[in-house]
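1. From the sequence below, what's the structure:
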Amino acid sequence: MKHPGVFLTAEWRNLLMLNYSVDPGLVRRFLPKGTELDTFEERTFVSLVGFVFGSTRLAGFSIPFHRSFEEVNLRFYVKRQQRRGVVFIRELVPKLAVAAVARLAFGENYSRVPMSHQFNAGPEKGLTEAEYSWGRGLSRCSMRIETAGPAFLPAEASLAQFITEHYWGYAAQKGGGCIEYEVQHQRWLVRTAKNAGFSGDAARFYGDELGNVLKRPPDSAFLAEGSPVTVFKGLRVA
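-> Numbering: from 1, shown residues only. Predicted coordinates for the structure are as follows:
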């Protein structure tokens with residue numbers, strides 16, 4: 001089968017990942033047709049992920065004022081045949097054009113909101129603290145982490161490997177079926193969390209049920225260093 005071609009290239013850096021074990025019924029309604037839940041040790045996970053897009057090029061072209069920006073997404077994990085992927089429940093970016101293009105190309109649930117980030121580095125190379133914030137006033141939310149120890153490659157069959165090594169994306173389509181697209185990147189080094197969590201009005205962005213999940217301490221958290229990535233054009237699957 002002919003490869004669909006490149007949609008965008010970028011760098012994803014400083015991925016803050018808060019991971020929560022949930023009742024599968026919370027996310028099953030978001031499953032695109034043709035996919036099934038992918039679990040880790042028979043547990044279903046959702047992840048709140050904040051990171052920085054950098055060096056962004058759309059179909060090979062650099063778009064002025066849209067090369068670097070934050071994204072925060074809420075996602076869960078699926079599989080289709082032998083492919084392991086993610087489904088995004090909601091994606092937030094500070095650029096209106098980015099949100100519009102993603103909705104058009106993939107049918108993803110992108111929204112534009114004001115966003116910011118803050119990083120602090122320790123005496124050794126690499127970040128020791130990271131925070132992503134979005135929204136305004138009473139609806140403002142943030143996610144943060146304080147790391148402990150050096151960066152490392154996740155161990156085989158670990159939760160960190162499960163979270164970071166899903167290389168396909170799936171998006172349900174209004175007309176039925178779903179879009180499947182590939183995301184290529186090298187394995188990511190991660191740092192474990194000393195402290196991590198979410199604060200703010202989660203229900204404003206994610207609804208009451210998922211908002212209540214985010215209010216509790218995450219079951220795991222880490223900071224991935226990230227890498228260059230290539231996102232390929234999507235293909236509709238039955």
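
2. start to end distance for stretch 105-117?
-> Terminal residues of stretch 105-117 lie 27 Å apart, using CA to CA, to the nearest Å.

3. Name the residues of it that come out as buried.
-> Of all the residues in stretch 105-117, those buried under the rule 16 or more other CB atoms under 10 Å are 105-110, 113, 115, 117. Where you see a C-beta, it was placed from the backbone N, CA and C, and this is true even at glycine.

4. among those, which are in helices?
-> 105-106 (DSSP state H).

5. can you put the buried residues of stretch 105-117 in CSV and add distance to G234?
-> Compiled in CSV, the buried residues of stretch 105-117 are given as follows (distance: CB to CB, whole Å):
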residue, distance to G234
A105, 7
F106, 5
G107, 9
E108, 10
N109, 15
Y110, 14
V113, 24
M115, 25
H117, 28
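
6. which of the buried residues of stretch 105-117 sit farthest apart?
-> The largest separation in the buried residues of stretch 105-117, counting by CB to CB, is between G107 and H117 at 27.0 Å.

7. so what strands line up beside the helix or strand hosting R90?
-> Using DSSP states H and E, R90 sits within strand 83-93. Using DSSP bridges, the strands paired with strand 83-93 are strand 69-80 (antiparallel), strand 110-112 (parallel), strand 168-172 (parallel).

8. between these, which gets nearest to A148?
-> Nearest to A148, of these and by CB to CB, is strand 69-80 at 23.0 Å.

9. got a list of contacts for the helix ranked longest in the chain?
-> Under DSSP H, the helix in the chain containing the largest number of residues is helix 202-215. Contacting residues not belonging to helix 202-215 are listed as 18, 20, 22, 26, 46, 48, 74, 89-90, 92, 134-135, 139, 141, 198, 201 [CB atoms under 8 Å, 6 or more residues apart in numbering].

10. ok, 7 Å please
-> Applying CB atoms under 7 Å, 6 or more residues apart in numbering, the set of residues contacting helix 202-215 from outside is 20, 22, 26, 46, 48, 74, 90, 139, 141, 198.

11. Could you list the buried residues of that helix?
-> Buried positions in helix 202-215, judged by neighbour count with 16+ other CB under 10 Å: 202, 205-206, 210-211, 213-214.

12. Show me which pair in the residues you listed is furthest apart.
-> Counting by CB to CB, the most remote pair of those is F205 and V213, 12.4 Å apart.

13. Scan this structure for its longest strand.
-> In the chain, assigned by DSSP state E, the strand with the most residues is strand 6-22.

14. State the next helix or strand along the chain beyond it.
-> helix 25-28.

15. pLDDT (mean, whole number) over the next helix or strand after that following helix?
-> Once the chain leaves helix 25-28, the next helix or strand it forms, by DSSP H and E, is strand 36-37. On average, the pLDDT along strand 36-37 is 98.

16. tell me what strand 36-37 is packed against?
-> strand 69-80 (3 or more CB pairs under 7 Å, 6 or more residues apart in numbering; DSSP states H and E).

17. Contacts for the strand it packs on next, please.
-> 27, 31, 34-38, 44-53, 85-95, 98, 115, 117, 132, 134, 166, 170, 180, 206, 210.

18. What residues of that strand count as buried?
-> For strand 69-80, by 16+ other CB under 10 Å, it's 69-80.

19. Also stretch 16-27?
-> 16-22, 26-27.

20. hmm, who's touching the strand holding R90?
-> 30-32, 38, 69, 71-79, 99, 102, 108-113, 115, 134, 166, 168-170, 205-206.

21. tell me the two of the buried residues of stretch 16-27 that are most distant?
-> By the measure CB to CB, L16 and L26 form the most distant pair in those, at 21.7 Å.
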